[in-house]
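**Student:** Sequence below, structure please.
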Amino acid sequence: MSVPTIDLQAAVQELESEILQAVSRVLAHGRYVLGPEVEAFEREFAEFCGVMHCVGVGNGTDALALTLRACGIGPGDEVIVPAYTAVATWMAVNMAGATPVGVDVREDTYNLDPSALEPAISPRTRAIVPVHLFGQPADVSAIEAFASDRGLVLIEDSAQAHGARYRGRTVGGLVRAASFSFYPTKNLGAIGDGGAVITDDAELADRVRLLRSYGWRTRSVSEIVGVNTRLDELQAALLRVKLARLEEWNARRRALAGRYLEGLAGLAGLRLPHVPEWADPVWHQFVVGVEGRDAVQRALGGAGVETLVHYEPLPHLTPAYRDLGWAPGQLPVAERLASRALSLPMYPQLSPDDCDRVIEALTAVLG
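**Tutor:** This next block holds a predicted model:
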């Protein structure tokens, strides 16, 4: 039997009775969009993140796009984004009407490199969006200092980092606002799609609420031009069930990551994740670097271990961004890391025995 990269059904099975109760609760009250479950989840997730406001939306990409719009960013503006991220980060900038400008990342953490910011600045730069990639916090303090000196908006893309901590503080509550995704594979994942914006800024939260539903404060009265991207009641009810388990499930991920780090230490040709002393990651993915990655991936598949590649091609090398003039070699650190990156199985229900199977298989392939 193979070891999957992720098993979403295992999480459902673990929580089956609670999930069915949540579904029954929604069916009983009969409100399916922006009702009591969404309101309760928004309160509970805001409290979890240590902020005052949470606004549920349809998905994580919309969450970031609406946050940018609520901050006044739009056509003619540029937003700095990391080269190494899911393409959704870049496309959220486009959805707000602005232009994404990629910068390189740190060799050790894959996250945005503060020292790469200055050359990317132009008179049109309005914001920076660091990503907490793979559940590993970016160095927000260094980025915030840079942004503050230049009057730039700073927004956290926390789509992969539910519950991660930076210098003891929960990510998402570090700067003015943050966006989250609840895509099913995330540490806090819906059974469908969903997203949220969190902030301590009441005015910004109010504007996101207007934007998510046609600009309505009163039904059918559009105060601004908005969109339709609302977290539905069923997903909010399911997220409430999973939120109650998030800390426990993150602890399981940390234990599995520790097992990988110990079992794979010293293996020739393998680069293990680096965790700065100020970071407490939640291991959304466990990504190693390995030369000859594609051959290694095939060999692991033959041994019954499924793996994934996050992310190749990187956003700037996709056809969607060809018109912006990007070409191979312009963001060399990110490109080098992406060519070697391999995501090993990682999810809370992964057993220690299966984790050991992955370690043994990778050791055999590289040894």
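
**Student:** Mind checking what helix or strand follows the lengthiest helix in the chain in sequence?
**Tutor:** Longest helix of the chain, by residue count under DSSP state H: helix 246-264. Sequence order places strand 270-271 as the next helix or strand after helix 246-264, per DSSP states H and E.

**Student:** From residue 42, how far off is the nearest residue to residue 223 once chain neighbours are set aside?
**Tutor:** Excluding the flanking residues, the one nearest residue 223 by CB to CB, 6 or more residues apart in numbering is residue 215, at 5.0 Å. Just so you know, the C-beta spots here come from the backbone N, C-alpha and C atoms, and that holds for glycine as well. With distances taken as CB to CB, to the nearest Å, residue 215 is found 19 Å from residue 42.

**Student:** now do residue 98
**Tutor:** In terms of CB to CB, residue 98 sits 27 Å off from residue 42.

**Student:** Could you count how many residues lie near residue 350?
**Tutor:** Close neighbours of residue 350, defined as other CB atoms under 10 Å, add up to 24.

**Student:** Equivalent analysis for the one 4 residues further on, please.
**Tutor:** A count of nearby residues for residue 354, using other CB under 10 Å, gives 19.

**Student:** which SSE is it in?
**Tutor:** Going by DSSP H and E, residue 354 is part of helix 352-366.

**Student:** pLDDT score for the residue nearest to residue 223?
**Tutor:** Residue 215 is assigned 90 on the pLDDT scale.

**Student:** domain assignment for the protein?
**Tutor:** Domain segmentation of the chain under automatic domain parsing yields 8-243, 246-366.

**Student:** Let me have those domains in a markdown table, extended by distance to residue 1.
**Tutor:** Output for the domains of the chain, formatted as a markdown table (distance: least, CB to CB, whole Å):
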| stretch | distance to residue 1 |
| --- | --- |
| domain 8-243 | 13 |
| domain 246-366 | 7 |
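
**Student:** Comparing those domains, which stretch has the densest surroundings?
**Tutor:** Greatest average neighbour count among the domains of the chain goes to domain 8-243 (a mean of 20), per mean count of other CB atoms under 10 Å.

**Student:** any idea how far residue 289 is from residue 40?
**Tutor:** From residue 40 to residue 289 the distance is 42 Å (CB to CB).

**Student:** residue ranges with poor pLDDT in this structure?
**Tutor:** Scanning the chain for pLDDT under 70 picks out no residues.

**Student:** let's go with 80 and repeat that
**Tutor:** The model of the chain has pLDDT under 80 over residues 1.

**Student:** Strands of the stretch 1-150 of the chain, start to end?
**Tutor:** 53-57, 78-82, 99-103, 125-128 (DSSP state E, counting those that start in this stretch).

**Student:** Identify whichever of those strands lies nearest to residue 254.
**Tutor:** Nearest to residue 254 among the strands of the stretch 1-150 of the chain is strand 78-82 (23.8 Å), distances taken as CB to CB.
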